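Peer 1: generate coordinates for the sequence data below:
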Amino acid sequence: MRKIILAASILAFAAGTAPALAAPCKDAKGRFMKCATATPKPTRCRLNGKFAKCGTPGAKAA
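Peer 2: Residues are numbered from 1 along each chain as shown. Sure, this is the predicted structure:
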């Protein structure tokens, strides 16, 4: 009898925590959606001590 109660409580606990582990991503209207992955930070480049476009010749990543 104890084994049945223990197994049932473990199963209930495992089933109850699964939705809590899901990432709660919502859009502006409050609807659930797929979470976006981490976006890479834009690289900044410098030329002569000032920020410049990274395509500029001689610019280096800061």
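Peer 1: how far away is residue 58 from residue 7?
Peer 2: Residue 58 is 69 Å from residue 7, where distance means C-beta to C-beta, to the nearest Å. Placement of C-beta: from N, CA and C, glycine included.
Peer 1: nope, residue 50 is what I was after
Peer 2: When residue 50 is compared with residue 7 (using C-beta to C-beta), they lie 67 Å apart.
Peer 1: could I get the pLDDT score of residue 44?
Peer 2: The score at residue 44 is 86. That number is its pLDDT.
Peer 1: who's in contact with it?
Peer 2: 51, 54, 61-62 (C-beta atoms under 8 Å, 6 or more residues apart in numbering).
Peer 1: and those residues, which is closest to residue 27?
Peer 2: Taking C-beta to C-beta as the measure, residue 27 lies nearest residue 54 of these, at 31.7 Å.
Peer 1: gap between the closest residue to the closest one other than its chain neighbours and residue 38?
Peer 2: Leaving aside its sequence neighbours, residue 54 sits nearest to residue 45 (C-beta to C-beta, 6 or more residues apart in numbering; 4.0 Å). Residue 45 is 22 Å from residue 38, where distance means C-beta to C-beta.
Peer 1: same thing with residue 59?
Peer 2: 25 Å.
Peer 1: which of these two has more residues huddled nearby?
Peer 2: Neighbour totals were compared for residue 59 and residue 38, and residue 59 leads with 17 against 6 (other C-beta atoms under 10 Å).
Peer 1: next one, pLDDT for that one please.
Peer 2: pLDDT for residue 59: 88.
Peer 1: what about the strands in the chain?
Peer 2: For the chain, the strands defined by DSSP state E cover 45-47, 50-52, 60-61.
Peer 1: give me whichever of the ones you listed is most buried.
Peer 2: Each of the strands of the chain was scored by mean neighbour count; the highest is strand 45-47, a mean of 15, by mean count of other C-beta atoms under 10 Å.
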